[in-house]
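# Build the 3D model from these lines:
(one chain, ligands or ions: 3)
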Amino acid sequence: MPLVPMRQILDEAAKGGYGVGAFNVNNMEQIQAIMEAANDTDSPVIIQASRGALKYSKMIYLKKLMEAAVEEYPQIPVAMHLDHGNSVETCLQAIELGFTSVMIDGSLDESGKKPNKYEQNVAVTKKVVELAHPLGVTVEGELGCLGGIEDGHGAGLSTEEVNTHLTDPKQAEEFVALTGVDALAVAIGTSHGAYKSGRVDPKTGEVLPPVLAMDRIHEIHERMPNCHMVMHGSSSVPPELTNEVNAHHAVQRVDGDPAKLRFMGKVFNLHDALDMAAFLMTLTTQNRMPGTQGVPLEQIADGIRHGVRKVNVDTDSRLAITGAILRVFAESPGKFDPRDYLKPAREAAYKVYVERMKAFGQAGHARDYAPMTLGDMKAVYGK
Ligand code: G3H
Ligand code: 13P
Ligand code: ZN
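Ligands and ions are numbered 1, 2, ... in the order given. Sure thing, here's the model as predicted:
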């Protein structure tokens, strides 16, 4: 089966009342893990690549890996989507490469770091729709801004600032009508990355999940029942994944002496009480992912009941991969064949994808429909 237009996957998800995970990829192991998970759960799936991913994979490798993916699993509907395209040019480049869907993120300016004016967002999004639809390619737009990611795509807004950039449901209705987008990414208080909330219970010190404005999704769905919404920043960042990362930072013996340990570039002599205290302090507080929580699956399920059809997940797969690799290095420091750690990494990512595919409801729906081509979709847009 060739790659299918993302619009078909979203339309079918709306008919079936489920959501579809859109998983970010950078390499072969992630693509293989997603495809294996989709095959084992019989799920349609969206695979997406950011500008950073395109650069990292030098584009042509990603294209060829995707061709291999659809060739290996012809029965699985797969859409290849550009995540957070920053300009018309980037979107065109992705379309030329064979992507069946693009996101133009006009909520930020071209640098991907500053919120855009609404009018500029409308203009650039409309332009991409005008160019993409005649080719049968799906377009996702975004209204409102997310928090997080300073170095990649994102304005690095704080939790407070995020709340001033939430999607306005009335404006969303106008935005969809003016631009003609197939899918709308909404800002409801989620952030990219592992640190989504910044909220701590003052009594217990426990890190709390982010507060999400689910009511905005409900209202948008009421205003536009046929609008396919997208939830970005939807990693759940469960403790089993962060604990796995934190558990395996290696401590090494120095000169074979069990009392002399190297940790984080420093040598500690455990016979020295001060050194011992410093070591314990470093071990328990440093170089660890601080406590964090992502978007609870129940809130994603609530979104799906109210028109969310695409659920973006990147961080959870990154955590699973990193935790698995750290475990190999901690337990078998002598290993140096990349397959010894990339295989467990791929398996750990696979588990995350399977869990999410089941939780979002896409599992069991791969064979519900005959796949469309971009040519078929071209005709639908032309009507
Ligand atoms: O939008 C954020 C995604 O997690 C992609 O991140 O730009 O580091 O590839 P990236
Ligand atoms: P997470 O960082 O929560 O996985 O979000 C990814 C995302 O929204 C990609 O566009
Ligand atoms: Zn995103």
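
# Show me the strands in the stretch 1-150 of the chain, by range?
Secondary structure of the stretch 1-150 of the chain (DSSP state E, counting those that start in this stretch): strands at 20-24, 45-49, 78-85, 101-104, 138-143.

# Point out the most buried one among the ones you listed.
Of all the strands of the stretch 1-150 of the chain, strand 101-104 has the most neighbours on average by mean count of other C-beta atoms under 10 Å, namely a mean of 30. Where C-beta positions appear, they are placed from N, C-alpha and C, glycine not excepted.

# Look up how far ligand 1 lies from the nearest residue to F175 once chain neighbours are set aside.
Spatial nearest neighbour of F175, chain neighbours left out: L143 (5.0 Å); criterion: C-beta to C-beta, 6 or more residues apart in numbering. Separation of L143 from ligand 1 (C-beta to the nearest ligand atom, to the nearest Å): 16 Å.

# and L143, what are its bridge partners?
Applying DSSP bridges to L143 gives these bridge partners: V186.

# Just list the residues touching it, thanks.
The contact partners of L143, by C-beta atoms under 8 Å, 6 or more residues apart in numbering, come to 107, 121, 167-168, 171-172, 175, 184-187.

# again with H218
H306.

# do the same with the one 10 residues further on
H228 makes contact with 10-11, 13-14, 182-184, 307, 309-310 under the criterion C-beta under 8 Å, 6+ apart.

# Which members of these occur in helices, if any?
Of the contacts of H228, the ones assigned to helices by DSSP state H are 10-11, 13-14.

# Please report how far the residue nearest to L208 when sequence neighbours are not counted lies from P209.
Nearest non-adjacent residue to L208, counting by C-beta to C-beta, 6+ apart: R199, 4.2 Å away. From R199 across to P209, the span is 8 Å (C-beta to C-beta, to the nearest Å).

# what does A277 give?
Applying C-beta to C-beta, the value for A277 to P209 is 34 Å.

# And for K58?
K58 sits 37 Å away from P209, going by C-beta to C-beta.

# quick one: pLDDT of P210?
For P210, the model assigns a pLDDT of 89.

# Equivalent analysis for G152, please.
Looking at G152, its pLDDT reads 57.

# just the one 4 residues further on next, same as before
Predicted confidence (pLDDT) at G156: the value is 70.

# Let me know the secondary structure of it.
coil (DSSP: H, G, I helix; E, B strand; the rest coil).

# I'd guessed it sits against S111; true?
No. Using C-beta atoms under 8 Å, G156 is not in contact with S111, being 11.8 Å away.

# Between the two, which is the more surrounded one?
Comparing G156 with S111 by neighbour count (other C-beta atoms under 10 Å), the higher total belongs to G156, at 15 against 9.

# so how far is ligand 1 from that one?
12 Å.

# Quick check: phi and psi at the closest residue to ligand 1 within the stretch 201-350 of the chain.
Scanning the stretch 201-350 of the chain for the residue nearest ligand 1 gives D314, at 3.4 Å (criterion: C-beta to the nearest ligand atom). Dihedral pair for D314: phi -130, psi -50, per degrees, to the nearest 10.

# How many residues are close by it?
Residues lying near D314 (other C-beta under 10 Å) number 25.

# Nearest residue to it in space, please, no chain neighbours.
N24 (3.7 Å).

# which residues touch that neighbour?
By C-beta under 8 Å, 6+ apart, the contact list for N24 reads 30, 48-50, 53, 83, 312-314, 317.

# of all the strands of the stretch 1-150 of the chain, which lies closest to L62?
Closest approach to L62 among the strands of the stretch 1-150 of the chain (C-beta to C-beta): strand 45-49, 5.8 Å.

# That closest one to strand 78-85, inter-axis angle?
40 degrees (axes from the mean of the first three to the mean of the last three C-alpha atoms, to 10 degrees).

# Phi and psi next, for the nearest residue to D376 once chain neighbours are set aside.
Nearest residue to D376, sequence neighbours excluded (C-beta to C-beta, 6+ apart): G136, at 7.2 Å. In terms of degrees, to the nearest 10, the main-chain angles of G136 are phi 80, psi 10.

# quick one: contacts for G136?
G136 touches 5, 100, 373-378, 381, counting by C-beta under 8 Å, 6+ apart.

# Correct me if wrong: T41 contacts H365.
No. With contact defined as C-beta under 8 Å, T41 does not count as touching H365 (9.4 Å).

# Can you pull the residues of the stretch 1-150 of the chain lying near ligand 2?
Within reach of ligand 2 by C-beta under 6 Å from any ligand atom, the stretch 1-150 of the chain has these residues: 24, 83-84.

# For K117, give its distance to M66.
According to C-beta to C-beta, K117 and M66 sit 35 Å apart.

# Nearest residue to F279 in space, please, no chain neighbours.
Once flanking residues are discounted, F279 sits nearest to F268: 3.9 Å by C-beta to C-beta, 6+ apart.

# which SS class is the one you found?
Once three-state DSSP is applied, F268 turns out strand.

# ok, it touching R253?
No. Between F268 and R253 there is no contact under C-beta under 8 Å: 11.0 Å.

# Show me which of the contacts of L143 is closest to ligand 1.
Of all the contacts of L143, ligand 1 sits closest to A185, with 10.3 Å by C-beta to the nearest ligand atom.

# Just name the shakiest helix or strand of this protein by mean pLDDT.
Ranked by mean pLDDT, DSSP states H and E, the weakest helix or strand in the chain is helix 159-163, scoring a mean of 74.
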